[in-house]
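**Q** Give me a 3D structure for the following:
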Amino acid sequence: VEKIVREKKAQYGANANFEISLQTESVSSELFSQIEATEFKRLISNLLDNSAEALEGTGIIFVCLSSNSSDRIQISIKDNGKGVPPEILAKLGAPGETYGKPGGSGLGLFHALAWVEHWGGSLEIRSSPGHGTEISITLPSKLIPGTIQSGRESIPNRQTKRIARRLA
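**A** Next comes the predicted model:
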């Protein structure tokens, strides 16, 4: 998450009229979630882009990573943008449903929902017109195994440790 936020800050640069802020709360380096790293990066990147596009003038995007228990990881992305009317909010996440994005297809959020559910998690959208939108992603977490079995020998699970560092 930290790497994606850094990339987005660099992408939008100093000319952006908004700030992206990352907070980590109660995150243990001993937790990870079994996800596809490429899809996770794309998902978070798309959600940050959606927040940036929703800001009118100046604004802020808060990204919060937390783990309040040993079995769930919470990632929230909240902006103080224009928000989404309730009648549109109820439809978001379906293919073809979008809001305030000329030429948007709604597929980014549709794919985000599909991947998060595939990973055993949930995605919730809360929004209020004129007050912004918050996307909350909850993923199952697991203890990092020290080794994995590969054929006849046990080897360190470096990929698992890299995923854990990415989430922290």
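
**Q** Correct me if wrong: Lys41 contacts Glu2.
**A** No. Checked against CB atoms under 8 Å, the pair Lys41 and Glu2 is beyond contact range at 11.8 Å. C-beta coordinates here come from the backbone N, C-alpha and C atoms, glycine included.

**Q** Okay, and Asp51 sits in which element?
**A** Rather than Asp, residue 51 is Ser. helix 37-54 (DSSP states H and E).

**Q** for that helix, what is the average pLDDT?
**A** Averaged across helix 37-54, the pLDDT comes to 91.

**Q** which other helices and strands contact that helix?
**A** helix 2-12, strand 59-69, strand 72-79, helix 107-118, strand 132-140, helix 158-167 (3 or more CB pairs under 8 Å, 6 or more residues apart in numbering; DSSP states H and E).

**Q** Show me what counts as buried in the second one.
**A** Right, the one you point to is strand 59-69. Within strand 59-69, the residues scored as buried using 16 or more other CB atoms under 10 Å are 59, 61-65, 67.

**Q** Just the buried residues of stretch 122-130, please?
**A** So stretch 122-130, judged by 16+ other CB under 10 Å, has buried residues 123, 125, 127.

**Q** pLDDT score assigned to the second one?
**A** In other words, Ile125. For Ile125, pLDDT reads 91.
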